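A.B. asks: Sharing a model prediction with you, sequence too.
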Amino acid sequence: MDPSKSKRPGKNGFVYRQQFGVIVLCKDEHHQASVYDYLKQQGYKLKVVTV
């Protein structure tokens, strides 16, 4: 069995679950809010990140 496919929790109880995402670069906070609202209306599950 491939160890990377194991469903056993790590020492701290965390179970890794692979996820995929897309980053949209926005010109400012207002643009970010507009893109967020649009994608949310389309039914996407979103997370907001500011760096």
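C.D. replies: Received it, and whenever you're ready, just let me know what you need.

A.B. asks: From here on, just use CA atoms for contacts and neighbour counts.
C.D. replies: Fine.

A.B. asks: neighbours around residue 34, how many?
C.D. replies: 12 (other Cα atoms under 10 Å).

A.B. asks: Next up, the contacts around it.
C.D. replies: Residues counted as contacts of residue 34 (Cα atoms under 8 Å, 6 or more residues apart in numbering): none.

A.B. asks: Quick check: mean pLDDT of the helix or strand harbouring it?
C.D. replies: Taking DSSP states H and E as the criterion, residue 34 maps to helix 29-41. Per-residue pLDDT over helix 29-41 has a mean of 97.

A.B. asks: Now do it: distance to the chain's middle.
C.D. replies: Relative to its chain's centre, helix 29-41 lies at 15 Å (Cα atoms, centre = their mean, to the nearest Å).

A.B. asks: Show me which residues of it are buried.
C.D. replies: The neighbour-count check on helix 29-41 (16 or more other Cα atoms under 10 Å) flags 32, 36 as buried.

A.B. asks: please begin residue numbering at 297 from this point
C.D. replies: All set: I'll call the first residue 297, so the last point we hit is now helix 325-337.

A.B. asks: Using CSV, list the CA coordinates for it.
C.D. replies: Extracted in CSV, the C-alpha atoms of helix 325-337 (Å, rounded to 0.1, in the frame of the first residue of the first chain):
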residue,chain,number,x,y,z
GLU,A,325,-9.7,45.1,-2.0
HIS,A,326,-12.8,46.3,-3.9
HIS,A,327,-12.0,44.1,-6.9
GLN,A,328,-11.4,41.2,-4.5
ALA,A,329,-14.8,41.7,-2.9
SER,A,330,-16.4,41.9,-6.4
VAL,A,331,-14.7,38.7,-7.6
TYR,A,332,-15.6,36.9,-4.3
ASP,A,333,-19.3,37.9,-4.6
TYR,A,334,-19.5,36.8,-8.3
LEU,A,335,-17.9,33.4,-7.6
LYS,A,336,-20.0,32.9,-4.5
GLN,A,337,-23.1,33.5,-6.6
